[in-house]
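Colleague: My questions are about this predicted structure, shown below with the sequence.
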Amino acid sequence: MKKFSLKDILIPSLALFLICTVATALLALTNGVTKEKINQVALKTAAEARQKVCADAKTFEEKKDSNGNTYFEAKDENGNTVGFAITTEDKSYGGAIEVMTGFSADGKITGVEILTIDDTPGLGMNAKKEEFRKNYIGKNGALSVSKNASADNEIQAITGATITSNAVTRCVNSATDIYNNVTGGEQNG
Amino acid sequence: MAEKKSLGKEFTKGLIAENPVFRLVLGTCPTLAVSTSVSSAIGMGIAATIVLLCSNVVISALRKVIPQKVRIPAYIVVIASFVTIIQLLVKAFVPALDTALGVYLPLIVVNCIILGRAEAFASKNAVLASALDGLGMGIGFTSSLFLMATVREILGSGTFLSGIKDLLAVFSSDITFNGFKIPFLNENPLTFFVLAPGGFFVFGIMIALSNKLADRKGKPKAELHGCASCPMAASCALIAEDKNCEEVKAQ
Amino acid sequence: MKIALSLLLTAILTNNFILCKFLGICPFLGVSKKLNTAAGMSAAVIFVMVLATAVTYPINLLLVKNDMEYLQTIVFILVIAALVQLVEIILKKYMVSLYNALGVYLPLITTNCAVLGVVLLNIDNGYNFWQSMVYSLGGGLGFMVAMIMFAGVRERLEGCDIPKALQGLPITLIAASLVSMSFLGFAGLVDNMFA
């Protein structure tokens, strides 16, 4: 066991090296084929989400606000601004959560889409359901979560998933902040 | 063990008699993790089956070329390559499945079923037999996942095959069928079943049932006995060369 | 500091690797029969998890820089396998007492999905180096908590009168279900502590 002959080391390492090379080459090939498609999928998903939260929009223009946050300005066919789509992130039960919020030109929420979420199926994942997301539509200003929502600025929590409800609401609220920053800035300037 | 078995038997043994999940108790992590919905279970099963089939074929074809000493790293490289290829393809063509499976998709690499079959079967048998073995084991894995997921999704979410549209989108984007809603359960789901404890519970009951069936046929129970049949036996016998296993057992 | 503590507690309690994320179920069921085996195994897992994260983090930066993210899985699993072997050799040669305590478990860890899982999750979650280290440590500690707790439960099960159909693996899984349910109680704990 102590002394290996050259052959004992060389042949196995050469074989392993060859297998690795072939494997890497195959992967590079697959990557080359699929890369374009994967990028397209990501762009398409984002575009679809924007269209969902700002249903009236025809085109979107990517912009940055004074704090460096990216947002999309929604325009109709005449180039008039009809709304905004803003993506924000926060921490939820199972990790990061990414939410896109749509605003109409007068600052009302027109739609909420959950872009990424990694919460418990059956509880937190219910945030993706329309029953929960439609809670936000038509509201404006700072929102809070309640188990028995009655007031205008209250959102009905998902049963058994208060943390997720809170996380989504925090995302929507920070989107509202960005919206206020954007529109407030435009009025002043 | 596999001296004079017919090829048909290599295929069918993985389905019931040597079902990887319920009989050999392998691949428990993905079984528990992705069985919350039938659609992701099917997706996971198909992905793992493809990897299993391809890696079994390649490893069997290379079995005389791969030096004994580096066979485990070599198997791992082969398996990891196929997993990555599947991962890239899924990302490109079934993005919804990639989202649903998350980290469990790359984790197919460490699925004990695949490395276990490579070492126990493909490294000793001809290509065709290995392919059939891989396919049978893969289908056995998929059907066990399907069974677990059916129970968990129907009871826990009150739906069946929900989200299947995203899987079928590979064939045609016009399909609008998106699963069934189970009356009553849909309004009043027993959420326990889709949560982590529900996974352990359903799996336990399933093993109990399969033990019962095995018992009736005079077959031994699915058990975890020290190293001989522990779910790590495949990987641990591989890497530890049995010696360490004996030590673990002795302790 | 606050972020680190919250990450640590999240990984140990609310998102326990075994009981909530189902990573590392094999050793959880296979090596939890005796308390000291469970402790030894988890110590080895913590060690390898932290080490693997420290090694793979710079490698990942290199891969991303060269636009080769698609090699992540294959590179990481090989690095983990090589690392485990290397640690085993070093321990065997220079730290015999530590080797006797952890060594036997090391080979079992290469294919432990919790180790590859933590490395991939760190990248998915976009943690920086220190956050990754803390998260790995937390993941490992969570693994240990679950293993040791469950070993205790199983030792109790030994002497129980269990219905014939459930004896062996089924009752173990049902016990795991109950332990896992108790961890659901931690939901929201971390968020409310640091809110």
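Modeller: Nice, thanks for sending it over. Remember, it's a predicted structure, so these values are computed and weren't measured experimentally.
Colleague: What is the least confident helix or strand in chain B?
Modeller: With mean pLDDT, DSSP states H and E as the measure, the helix or strand of chain B carrying the lowest mean pLDDT is helix B:233-240 (a mean of 40).
Colleague: What of chain C?
Modeller: Among the secondary structure pieces of chain C, namely its helices and strands, helix C:189-194 has the lowest mean (mean pLDDT, DSSP H and E), a mean of 70.
Colleague: shaky segments in chain C?
Modeller: Within chain C, the set of residues satisfying pLDDT under 70 comprises C:188, C:191, C:194-195.
Colleague: what does it have sitting close to chain A?
Modeller: Counting by Cβ under 8 Å from any Cβ of the partner chain, the positions of chain C adjacent to chain A are C:T14, C:N15, C:Y70, C:L71, C:I74, C:D124, C:N125, C:G126, C:A187, C:G188, C:D191. Using the backbone N, CA and C atoms, a C-beta is placed for each residue, glycine as well.
Colleague: Check the spacing between the closest residue to chain A within chain C and B:P30 real quick.
Modeller: Checking chain C residue by residue against chain A with Cβ to the nearest Cβ singles out C:Y70 as nearest, at 4.4 Å. Summarising the geometry, the distance separating C:Y70 from B:P30, computed by Cβ to Cβ, to the nearest Å, is 21 Å.
Colleague: Those two - which one has more neighbours?
Modeller: A side-by-side neighbour count of C:Y70 and B:P30, using other Cβ atoms under 10 Å in any protein chain shown, places B:P30 first with 27 against 23.
Colleague: What helix or strand is that one located in?
Modeller: With the criterion set as DSSP states H and E, the secondary-structure element containing B:P30 is helix B:28-33.
Colleague: wait, does that helix contact chain A?
Modeller: No. Shown here: helix B:28-33 not in contact with chain A (Cβ under 8 Å from any Cβ), separated by at least 10.2 Å.
Colleague: Check which element follows that helix along the chain.
Modeller: In the C-terminal direction from helix B:28-33 (assignment by DSSP H and E), the next one is helix B:38-61.
Colleague: Contacts only, for the residue of chain C closest to chain A.
Modeller: C:Y70 makes contact with A:L27, A:A28, A:T30, A:N31, B:T84, B:L88 under the criterion Cβ atoms under 8 Å, 6 or more residues apart in numbering or on different chains.
Colleague: three-state assignment of it?
Modeller: The three-state assignment at C:Y70 reads helix, by DSSP: H, G, I helix; E, B strand; the rest coil.
Colleague: Next one: it from B:T49, what distance?
Modeller: Here C:Y70 is placed at a distance of 22 Å from B:T49 (Cβ to Cβ).
Colleague: can you check C:R156 too?
Modeller: Relative to B:T49, C:R156 is positioned 39 Å away (criterion: Cβ to Cβ).
Colleague: Show me what counts as buried in stretch C:78-98.
Modeller: C:L78, C:V79, C:I80, C:A81, C:L83, C:V84, C:Q85, C:V87, C:E88, C:L91, C:L98 (16 or more other Cβ atoms under 10 Å in any protein chain shown).
Colleague: Could you single out the nearest of the residues you listed to B:N188?
Modeller: The shortest separation between B:N188 and any of those is 44.6 Å, and it belongs to C:I80 (by Cβ to Cβ).
Colleague: What separation is there between that closest one and chain B?
Modeller: Spatial separation of C:I80 from chain B under the definition Cβ to the nearest Cβ, to the nearest Å is 9 Å.
Colleague: Nearest residue to that residue in space, ignoring adjacent ones along the chain?
Modeller: Residue nearest to C:I80 in three dimensions, not counting chain neighbours: C:A52, with 5.2 Å by Cβ to Cβ, 6 or more residues apart in numbering or on different chains.
Colleague: continuing past the helix or strand harbouring the one you found, what's the next helix or strand?
Modeller: Secondary structure from DSSP H and E places C:A52 in helix C:35-65. Using DSSP H and E, the helix or strand that follows helix C:35-65 towards the C-terminus is helix C:72-94.
Colleague: And chain B, is the helix or strand just after that following helix touching that?
Modeller: The first helix or strand that comes after helix C:72-94 along the chain, using DSSP H and E, is helix C:96-102. No. For a cut-off given as Cβ under 8 Å from any Cβ, helix C:96-102 has no contacts with chain B; the smallest distance is 9.7 Å.
Colleague: How about residues contacting helix C:96-102?
Modeller: Contacts of helix C:96-102 from elsewhere in the structure, counted by Cβ under 8 Å, 6+ apart, are C:G40, C:A43, C:A44, C:F47, C:E88, C:L91, C:K92.
Colleague: can you list the residues of chain A near chain B?
Modeller: For chain A, the residues in contact with chain B under the definition Cβ under 8 Å from any Cβ are A:8, A:11-13, A:15-16, A:19-20, A:23, A:26-27, A:30-31, A:34, A:37-38, A:41, A:45, A:116, A:118, A:120-123, A:160.
Colleague: Give me the buried subset of the residues you listed.
Modeller: Listed as buried from the residues of chain A next to chain B are A:12, A:15-16, A:19-20, A:23, A:27, A:30-31, A:34, A:38, A:41, A:118, A:120-123, A:160; burial here means 16+ other Cβ under 10 Å.
Colleague: when you check those residues against the helices, which ones overlap?
Modeller: Counting by DSSP state H, these place A:P12, A:A15, A:L16, A:I19, A:C20, A:A23, A:L27, A:T30, A:N31, A:T34, A:I38, A:V41 in helices.
Colleague: Regarding chain A, what is its longest strand?
Modeller: Secondary structure assigned by DSSP state E gives strand A:81-92 as the longest strand of chain A.
Colleague: got the contact list for the closest residue to chain C within chain A?
Modeller: Checking chain A residue by residue against chain C with Cβ to the nearest Cβ singles out A:N31 as nearest, at 4.4 Å. Counting by Cβ under 8 Å, 6+ apart, A:N31 touches B:L88, C:Y70.
Colleague: circling back to that earlier point, quick check, nearest of the buried residues of stretch C:78-98 to B:V202?
Modeller: Nearest to B:V202 among those: C:I80, at 30.9 Å, using Cβ to Cβ.
Colleague: doesn't C:V118 make contact with the closest one?
Modeller: No. Because the distance of 10.3 Å does not satisfy Cβ atoms under 8 Å, C:I80 is recorded as not touching C:V118.
Colleague: between the two, what contacts are shared?
Modeller: Counting by Cβ under 8 Å, 6+ apart, the contacts common to C:I80 and C:V118 are C:A52.
Colleague: what packs against the lowest-mean-pLDDT helix or strand in chain A?
Modeller: Ranking every helix and strand in chain A by mean pLDDT, DSSP H and E puts helix A:162-188 at the bottom, with a mean of 80. Helices and strands in packing contact with helix A:162-188 are listed as strand A:70-75, strand A:81-92, strand A:95-104, strand A:109-116, strand A:144-146; criterion 3 or more Cβ pairs under 8 Å, 6 or more residues apart in numbering or on different chains; DSSP states H and E.
Colleague: The third one pairs with which strands, parallel or anti?
Modeller: Sheet pairing here is set by DSSP bridges, and for strand A:95-104 it gives strand A:81-92 (antiparallel), strand A:109-116 (antiparallel).
Colleague: Understood, closing this out.
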